[in-house]
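Novice: structure for the following, please:
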Amino acid sequence: MADTATKNSSCTFCKIYESRTGVILETKFFFAQFDRFPASPGHSEVIPKRHIESVLSLEDEEWSDLYGAIRSAISVIEKTDFRALYSGFADSPLSRRSEEFCRLMLKHVGLGKRPDGYNYGINDGRAAGRTIDHLHLHIIPRYFGDVQDPTGGVRHMLPGMGNYKKE
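Specialist: As a prediction, this is how the structure comes out:
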């Protein structure tokens, strides 16, 4: 069974969990928070309590719990007043860039709407874009009209590889 007490005192996510600041839900092995650099209204992260870096380090019991954590996070996302959330984040930002991202959410086409879909993503390794060396799964709500053509979804992270249906 996974040791939920494993922590790293210099890790951003371990510190967040320790203080419970911004934690929106908790399961046996995971907690979730709203991303303070949101890509869309409701952008959240599901994070293991145990300090691990890779999805390949999850144990069977954690995999099972992850499903429930994702479903619970979506339930919170779909009930949240994003105008209030991002106004508060913009008034007490982590940084200037965090404030910019939160203010953009206040103008987003999805503000005040229920998400029309979701992208789920894990940046597993620095080459994949991970910036905090603690596993976290992004839940990024999507809204009709948030981009001109969403075809290809997560494939857009590599330039020119998104819409593979276009001739």
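
Novice: so where's the chain uncertain?
Specialist: Residue ranges of the chain with pLDDT under 70: 1-5, 155-167.

Novice: and the lengthiest helix in the chain, how far from the chain's centre?
Specialist: If you go by DSSP state H, the chain has its longest helix at helix 60-79. Computed by Cα atoms, centre = their mean, to the nearest Å, the chain-centroid distance of helix 60-79 equals 12 Å.

Novice: of all the residues in that helix, which ones are buried?
Specialist: 62, 65, 66, 69, 70, 72, 73, 74, 77 (16 or more other Cβ atoms under 10 Å). In short, each C-beta sits where N, CA and C put it, glycine included.

Novice: can you redo those residues as a markdown table with distance to residue 37?
Specialist: What follows is the buried residues of helix 60-79, written out as a markdown table (distance: Cβ to Cβ, whole Å):
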| residue | distance to residue 37 |
| --- | --- |
| 62 | 25 |
| 65 | 26 |
| 66 | 22 |
| 69 | 21 |
| 70 | 20 |
| 72 | 22 |
| 73 | 17 |
| 74 | 20 |
| 77 | 16 |
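
Novice: give me the contact list for stretch 79-88.
Specialist: 34, 38, 41, 42, 102, 103, 105, 106, 110, 111, 112 (Cβ atoms under 8 Å, 6 or more residues apart in numbering).

Novice: so what's the backbone phi/psi at residue 44?
Specialist: Main-chain torsions, residue 44, degrees, to the nearest 10: phi -130, psi 170.

Novice: so it is in contact with residue 34, correct?
Specialist: Yes. Counting by Cβ atoms under 8 Å, residue 44 touches residue 34, with 5.4 Å between them.

Novice: strands along this protein, start to end?
Specialist: When secondary structure is read from DSSP state E, the chain shows strands at 23-26, 30-34, 44-48, 117-121, 137-142.

Novice: so which of these is the most packed in?
Specialist: Burial of those is given as mean neighbour count (mean count of other Cβ atoms under 10 Å); strand 44-48 ranks first at a mean of 25.
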